[in-house]
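**Q** A structural model of the following input is requested.
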Amino acid sequence: IAEKRDMLAWREHVAGFVFKTGFTYLFVLLCFVFLSAKLGFVRTLFDGLVTQYLSLLALLLIGHQLFLLSTDTLMGLSLEQYSEPIRSLQRILFGVIAVPLAYEGYGVEGILWSHIAASFVAGALSLAVLTRRLDLSRVIGRRPSAFPAREILHFNVSTFIFRLMFRSFYYADVVLVYTLLGGESTAYYKAAVIVAELLWFVPSSLQNLLLHSVSDLWREDNADVVSNLSSRLLRYVLGFSVLATIGLGVLADELVILYYSSAYTPAINLLLILLPGALFFSLAKPLLSIIQAKGELCPLLLATGMAAALNLVLNVVLIPEIGVLGAALATTIGYSLLFPFSLWA
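**A** Have a look, this model is predicted:
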């Protein structure tokens, strides 16, 4: 949507196509989730703990899809002055609603309702801004025959596969720890992961921003500009991430106890193991967006797929051998490998 191609109402046609395909993906995903629940796969994997929340999960996915598509469209239109405050509002709304509900004893159900409310409110606000910037009749109308639907669909499907592999770094290890070691080990491990992820707030912001801002540079064949931009960003992110890693490492004891409580002391060693990998992962994030912005996703899929597969294999091998320390070690290796693979791509 940021490429401004020579076609009448280009932005509207891209927005309409992406919204329609996005909600088609969502419908297929929801069918898969409910079919899995019906056949008992979800109950087998999670001991039946999550099956009671599947209806709320469906609502959450619809709201979150609306929120993500609308705010990303705003960003693609260079309207970050709207998209970023709305993203922040979504996080704040979630906290404002979730904390009282959790305190009153509504548990997981209350947390899910908080996510749902925050996502729908933020999504509605983003749509309200979009309706003033785009011609809705063209967004929901038929697209012209010259519209490159196959190209954009191929990009969407490839991006979907990329995001699936990329998100596996966040969740595959946690699911495996829970499945193989139980809830207590998962609590310590997830606590360490969340603190390690504090390193990523700057790289994650750049990752979101660069996808749209660099795509036009690639389209105009400004490879030298992209190379210089990549080099500078990598140095900045490296400088920030090294300092943040040292800070988190030195203050690991105090941070974990302050963030959770003294009951989570076992998470401290896990955090120290995860930090080197989190550092390299933070360097890979902006590079991955710069590669994705070019639109040729084969190198991106290869780089992410190799790192994700090695991460999964290492977790499967090391968790049964050395427990939750094995998960931390496997994950930090997987995180670290993503950086050289993304450099190669």
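
**Q** List the buried residues of the strand or helix carrying residue 228.
**A** Element membership of residue 228, judged by DSSP states H and E, is helix 223-250. Residues of helix 223-250 classed as buried: 226, 229, 230, 233, 234, 237, 241, 244, 245, 248 (neighbour count, 16 or more other C-beta atoms under 10 Å). Using the backbone N, CA and C atoms, a C-beta is placed for each residue, glycine as well.

**Q** so how far is residue 92 from the fifth one?
**A** Distance check for residue 234 against residue 92: by C-beta to C-beta, to the nearest Å, it reads 31 Å.

**Q** just residue 238 next, same as before
**A** Counting by C-beta to C-beta, the gap from residue 238 to residue 92 is 31 Å.

**Q** what's the answer for residue 27, then?
**A** 30 Å.

**Q** swap in residue 17?
**A** Using C-beta to C-beta, residue 17 is found at 32 Å from residue 92.

**Q** Next up, the contacts around residue 226.
**A** Applying C-beta atoms under 8 Å, 6 or more residues apart in numbering to residue 226 gives the contacts 214, 217, 218, 290.

**Q** Show me those residues that map onto helices.
**A** Of these, the ones assigned to helices by DSSP state H are 214, 217, 218, 290.

**Q** Can you convert those into JSON lines and add a column each for distance to residue 55?
**A** Shown next, in JSON lines, are those (distance: C-beta to C-beta, whole Å):
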{"residue": "214", "distance to residue 55": "40"}
{"residue": "217", "distance to residue 55": "44"}
{"residue": "218", "distance to residue 55": "42"}
{"residue": "290", "distance to residue 55": "40"}
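
**Q** for this protein, which spans come out with low pLDDT?
**A** 40-51 (pLDDT under 70).

**Q** run the last query once more with 50
**A** For the chain, no stretch has pLDDT under 50.

**Q** Buried residues, stretch 148-166. List them.
**A** By neighbour count on 16+ other C-beta under 10 Å, the buried set for stretch 148-166 is 152, 155, 158, 159, 162, 165, 166.

**Q** Residue 295 - nearest residue in space that isn't next to it in sequence?
**A** residue 155 (5.9 Å; C-beta to C-beta, 6 or more residues apart in numbering).

**Q** One more: residue 322?
**A** residue 329 (7.5 Å).

**Q** Let me know whether that neighbour touches residue 318 as I believe.
**A** Yes - Residue 329 is in contact with residue 318 according to C-beta atoms under 8 Å; the separation is 5.9 Å.

**Q** Which helix runs longest in the protein?
**A** In the chain, assigned by DSSP H, the helix with the most residues is helix 149-181.

**Q** Give me the helices and strands touching the helix or strand just after that one, please.
**A** Using DSSP H and E, the helix or strand that directly follows helix 149-181 along the chain is helix 183-196. If contacts are counted by 3 or more C-beta pairs under 8 Å, 6 or more residues apart in numbering; DSSP states H and E, helix 183-196 sits against helix 149-181, helix 252-259, helix 267-293, helix 324-344.
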